[in-house]
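1. got a predicted structure plus its sequence, pasted below:
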Amino acid sequence: MSGIKGKNTKPELLVRKALHAQGFRYRIHCKDLPGNPDLCLPKYRAVIFVHGCFWHGHDCHLFKWPKTRPEFWKQKIQRNCSVDAAALARLANANWRVAIVWECALKGKTRLQLEDVIAKLESWLRSDEVGLQIEGVS
């Protein structure tokens, strides 16, 4: 597990490259914002998180509780979820719009077409909507 990256993951790179190709410019891994968003678009006052379904406890086919050390993993995943919720609340209080792209939207049996994910993000960025969550089809 120690070899798993937290930054520049494949799903994150897919989203970054596709948004850049559409003409969006952003900062990555913004340390000055709560939760260190994967993408920050100050022009749109928006941030985008690309969440791994396992690490952030998403209820989808990609999330399975490990068989070994279940107490440790339950505590870890619950803490990640509470840290995420606190960061989202702080971002909302600072008037940032937040989008979350779940890993299951980009890979696995429920994935969406990348063009559809980017179209949703593009539409959201150009709108006044406060939040957006993109997850795989159920």
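-> Everything's here; your move.
2. quick one: the helices in the protein?
-> 10-21, 70-93, 114-126 (DSSP state H).
3. residue 28 - how many residues pack around it?
-> 13 (other Cβ atoms under 10 Å). The way it works is simple: take the backbone N, C-alpha and C, and place the C-beta from them, glycine included.
4. and the closest residue to it other than its chain neighbours, what is it in contact with?
-> Leaving aside its chain neighbours, residue 28 sits nearest to residue 39 (6.2 Å; criterion: Cβ to Cβ, 6 or more residues apart in numbering). The neighbours of residue 39, taking Cβ atoms under 8 Å, 6 or more residues apart in numbering as the test, are 15, 16, 19, 26, 27, 28, 47, 48, 50.
5. what do you get for residue 16?
-> Counting by Cβ under 8 Å, 6+ apart, residue 16 has contacts 26, 28, 38, 39.
6. model confidence for it, exactly?
-> Residue 16 carries a pLDDT score of 96 in this model.
7. roughly how far does it sit from residue 78?
-> Computed as Cβ to Cβ, to the nearest Å, the residue 16 to residue 78 distance reads 29 Å.
8. same question for residue 55.
-> 12 Å.
9. more neighbours: which of these two?
-> Taking other Cβ under 10 Å, residue 55 and residue 78 do not tie; residue 55 has more neighbours (18 against 11).
10. skipping adjacent residues, who's closest to that one in space?
-> Sequence neighbours aside, residue 80 is the residue nearest to residue 55 in space, at 5.9 Å (criterion: Cβ to Cβ, 6+ apart).
11. cool, residue 73 as well?
-> Take residue 73 and drop its neighbours on the chain: the residue closest to it by Cβ to Cβ, 6+ apart is residue 66, 4.9 Å away.
12. am I right that the one you found is in contact with residue 74?
-> No - with contact defined as Cβ atoms under 8 Å, residue 66 does not reach residue 74; the gap is 9.4 Å.
13. pick out the residue nearest the middle of the protein.
-> residue 50 (2.4 Å; Cα atoms, centre = their mean).
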